[in-house]
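**Student:** A structural model of the following input is requested.
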Amino acid sequence: MLCSSHSVGDILGKSKFSRDLTRLLKTLKNGTDPEVMQQLHELRKTLVGLNQRRLVKINHSVMEILCAKHLIEQGYNVNVEHLLDGGVLVADIFCTHPEIGPTEKPTETMIVEVETGYVPPDAALSPRFYRQARTTAKIARYCLYADKFALATPNYHVLQVPEVLLKPPEQRGQEDMLRLKILCDFHYHSPAIPLEHLTKSELDVIYVMDVDNGNVVEIAPRDYIDTIRRADGSLQDQS
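**Tutor:** Residues are numbered from 1 along each chain as shown. All right, here's what the predicted structure looks like:
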């Protein structure tokens, strides 16, 4: 039994989850503005509390902190595990920027979903299709709740973004969208994703995270996918 003199903070501080986030912040401290670090420490407290309720895990939380640092340094106000639509959805990162929004709405909002590349056992024989369905579903569900939507992923994972979603909504073929609808319905049917949401969905930016070195690179979705296609030989450079 713990001694009564131990505070809740002492107990939380001894968890491996808490220690790992503390080590991460110590690593990120070098060369980082103190005000940025203060905000990161607040996000750490939020994640430690959620971990005690078994709502978040360390790999995912480390990436949230790393991406949050990049966004804070760009002037965003950042929240993690942000409730949307009364708690129906939870955004990994919800951030606002007071200076770069449109004139009629001076604050820009952005949602960033962190994708670690996890594949459940029941998708062991079709991991690429599962990841494609998950990525598509994330874009369709979350982009409705903010001005911009982004995906963040570690540099050892390749996002499976369908080519059709890189086109403007008005240029997407109905047959392509129906195929995506069927793919999503196979994996996500409670609730199902409306075809209209798929058609209107947009991915604005991708953040690639080098967790080992604490770096984040921002890349346009088209450039990201073209780089992957060149790597696997499905896209040839034009001479």
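
**Student:** Give me the nearest residue to Tyr156, chain neighbours excluded.
**Tutor:** Gly117 (7.8 Å; C-beta to C-beta, 6 or more residues apart in numbering). For the C-beta atoms, the positions are set from N, CA and C on the backbone; glycine is no exception.

**Student:** that's a helix at that neighbour, yeah?
**Tutor:** No: secondary structure of Gly117 (DSSP: H, G, I helix; E, B strand; the rest coil): coil, not part of a helix.

**Student:** Pull out the buried positions in the helix or strand containing Lys138.
**Tutor:** Using DSSP states H and E, Lys138 falls within helix 127-142. By neighbour count on 16 or more other C-beta atoms under 10 Å, the buried set for helix 127-142 is 130-142.

**Student:** and the very next helix or strand once past that helix, what does it pack onto?
**Tutor:** Next along the chain after helix 127-142, taking DSSP H and E as the criterion, comes strand 148-154. In terms of contacts (3 or more C-beta pairs under 8 Å, 6 or more residues apart in numbering; DSSP states H and E), strand 148-154 is packed against helix 58-73, strand 108-114, helix 127-142, strand 205-210.

**Student:** closest to Glu175 out of these?
**Tutor:** For Glu175, the closest of the helices and strands packed on strand 148-154 is helix 127-142, at 15.4 Å, according to C-beta to C-beta.

**Student:** Mind jotting down where the strands sit in the chain?
**Tutor:** 77-84, 89-97, 108-114, 148-154, 205-210, 215-219 (DSSP state E).

**Student:** Reformat the ones you listed as TSV; add distance to Leu195.
**Tutor:** TSV is the format used below for the strands of the chain (distance: least, C-beta to C-beta, whole Å):
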stretch	distance to Leu195
strand 77-84	21
strand 89-97	19
strand 108-114	21
strand 148-154	18
strand 205-210	24
strand 215-219	29
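
**Student:** Go through the ones you listed and name the closest to Leu47.
**Tutor:** Closest to Leu47 of those is strand 77-84 (C-beta to C-beta; 6.3 Å).

**Student:** Neighbouring strands - and their directions - for the closest one?
**Tutor:** Using DSSP bridges, the strands paired with strand 77-84 are strand 89-97 (antiparallel).

**Student:** Give the buried residues for the partner strand.
**Tutor:** Buried residues in strand 89-97, counted by 16+ other C-beta under 10 Å: 90-97.

**Student:** which residue packs closest to Leu183, ignoring adjacent ones?
**Tutor:** Nearest to Leu183 is Ala133, by C-beta to C-beta, 6+ apart, at 4.9 Å.

**Student:** pLDDT averaged over stretch 192-212 - what is it?
**Tutor:** Averaged over stretch 192-212, pLDDT sits at 95.
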